[in-house]
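In: please find the sequence and the predicted model below.
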Amino acid sequence: MTSAGDGDVITDVLIIDLSDFENRKHEIGHQLYHASHNVGSFYIKGHGVPNKDIDSIFNAGEQFLDLTADVKEKFVWIPDRYLGWRSQTDLECVTGNKLWEWVSFGRYGTGGYDVRKQKFLGSSWPTELGDSWKQQSLEFQAKTHEVALKILRAMALALGRDEYEFVEPFDIESEENPSFMAWNWYPPVGEDTAKLPPRLHGHADMDIITLLYQRTGDTGLEIAPGKDVDENPDLKEIGNIWNAVPTAKHWTPLDPIEGCITVNIGDGLQWWTDGLFKSTYHRVRAPKGSDNKGSRMSVPYFVNPKLNYIFQGPEKKFPPLSGFDLLAKTGNAYEARKNDPEGKWKQKAYGGSHHNDQYASVEGAKGRETAVPVAAA
């Protein structure tokens, strides 16, 4: 159970134990159903990913982000795959501030399957970091993917569906596998944070589920369960997280818990369950009070079905979607915002909101080297 802070509201966020999974999967599924239907976010423990591996993957992210901009630009972000590097300057075009940097790699680095060409294009990895960096990334993705499949199996059982319905579409060895890992890095901020906007504005993830690794003490992640979100029709379609920004009556902290992975339900699973499971809006607020004002990093793993896989809920409440739709609609909506030099998206996204004043352009603190945005490949 976590508090929203300032006496606002208390929201149940379950801590679900995955240990002894095969003997407890029905019990676990019941807990996942409750958490996914009522909140859309939860913690898991007993997941089997060693702490030393988690620490090492944070260090791996630091190694890439510490590379010079000219090296990082070789891995420029690709909208159709949601893979690659986005600098603070690049992201400023979309978030309105320089308080965030991102890089993501999938099973094939920033390479993989091109749906438009229906062709596998091979792998692309930063050779500057050596083969051991690539292997470390692949092994960590595999361990996290295994955890994700347990969650999906238990969810399917709780929904009264075949245990493996949510497994076959997520074959990690497939050339069409689009699941990927990312590193979010937020630069240090000064002591005066009262006027800072969120480091990352409110949004929902486009995927099926997101498994998020956070460092103890790195506060700032907040969620807004569906009942607390102000209605906005622009937020109903897949891909609109970059077109409209949710405002909420309450934002509930989802601070790191030692030994736990934070899990969010994504838009894809909300569609696949005909709205039964809730895709939860979340954001990273600016530090306040006694919070750590230094840099912040998190490592999300986004679980997506194979690119050509078509899915739809049993009640057909929403139109069919493919794995490619989840990535490309969202990625290209981002790209459209980035290529809006007049910033008209900001008025659409934030206009009329009582939060509007918070989203003026804010310079991030000096940190890693950034670069002028370049066109996506």
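Out: Now that the structure is in, tell me what you want to look at. Numbers count the residues shown, from 1 in each chain.

In: all contacts plus neighbour counts: C-alpha atoms, from now on.
Out: OK.

In: which residues of the protein fall in helices?
Out: 21-38, 51-65, 69-72, 88-95, 131-158, 267-272, 323-338, 344-350 (DSSP state H).

In: what residues sit buried inside the second one?
Out: Using 16 or more other C-alpha atoms under 10 Å as the burial criterion, the residues of helix 51-65 that qualify are 54, 57, 58, 60, 61, 64, 65.

In: just the fifth one next, same as before
Out: Neighbour counts using 16+ other C-alpha under 10 Å place 133-134, 137-138, 140-141, 144-145, 147-158 of helix 131-158 among the buried residues.

In: which one, of the helices of the chain, ends up nearest to residue 197?
Out: Evaluated with C-alpha to C-alpha, the helices of the chain place helix 88-95 nearest to residue 197, the distance being 9.6 Å.

In: low-confidence stretches in the stretch 101-250 of the chain?
Out: 225-247 (pLDDT under 70).

In: strands of that one, start to end?
Out: Using DSSP state E, counting those that start in this stretch, the strands of the stretch 101-250 of the chain run over 101-106, 113-114, 119-120, 180-186, 200-203, 209-214, 221-224.

In: JSON lines for those strands, including distance to residue 325 and mean neighbour count?
Out: Formatted as JSON lines, the strands of the stretch 101-250 of the chain follow (distance: least, C-alpha to C-alpha, whole Å; neighbours: other C-alpha atoms under 10 Å):
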{"stretch": "strand 101-106", "distance to residue 325": "17", "mean neighbour count": "24"}
{"stretch": "strand 113-114", "distance to residue 325": "13", "mean neighbour count": "19"}
{"stretch": "strand 119-120", "distance to residue 325": "17", "mean neighbour count": "12"}
{"stretch": "strand 180-186", "distance to residue 325": "15", "mean neighbour count": "23"}
{"stretch": "strand 200-203", "distance to residue 325": "18", "mean neighbour count": "22"}
{"stretch": "strand 209-214", "distance to residue 325": "15", "mean neighbour count": "23"}
{"stretch": "strand 221-224", "distance to residue 325": "25", "mean neighbour count": "24"}
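
In: among these, which is nearest residue 274?
Out: Across those, closest to residue 274 is strand 209-214 (C-alpha to C-alpha), at 15.3 Å.

In: so what touches that closest one?
Out: For strand 209-214, contacts defined as C-alpha atoms under 8 Å, 6 or more residues apart in numbering pick out 54, 144, 148, 256, 261-266, 268-269, 297-304.

In: now do 6 Å
Out: 256, 261-266, 298-303 (C-alpha atoms under 6 Å, 6 or more residues apart in numbering).

In: closest one of these to residue 129?
Out: residue 299 (18.5 Å).

In: which residues does that closest one contact?
Out: With C-alpha under 6 Å, 6+ apart, residue 299 has these contacts: 182, 183, 212, 213.

In: chain neighbours aside, what residue packs nearest to the second one?
Out: Read it as residue 183. Nearest non-adjacent residue to residue 183, counting by C-alpha to C-alpha, 6 or more residues apart in numbering: residue 299, 4.7 Å away.

In: same question, residue 165
Out: residue 156 (6.9 Å).

In: tell me if I'm right that the one you found and residue 167 touch.
Out: No. Between residue 156 and residue 167 there is no contact under C-alpha atoms under 6 Å: 9.4 Å.

In: next, format the strands of the stretch 101-250 of the chain as JSON lines and append distance to residue 87.
Out: Shown next, in JSON lines, are the strands of the stretch 101-250 of the chain (distance: least, C-alpha to C-alpha, whole Å):
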{"stretch": "strand 101-106", "distance to residue 87": "5"}
{"stretch": "strand 113-114", "distance to residue 87": "24"}
{"stretch": "strand 119-120", "distance to residue 87": "27"}
{"stretch": "strand 180-186", "distance to residue 87": "10"}
{"stretch": "strand 200-203", "distance to residue 87": "14"}
{"stretch": "strand 209-214", "distance to residue 87": "21"}
{"stretch": "strand 221-224", "distance to residue 87": "21"}
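
In: of all these, which lies closest to residue 330?
Out: Residue 330 lies closest, by C-alpha to C-alpha, to one member of the strands of the stretch 101-250 of the chain: strand 200-203, at 11.4 Å.

In: cool, thanks, signing off.
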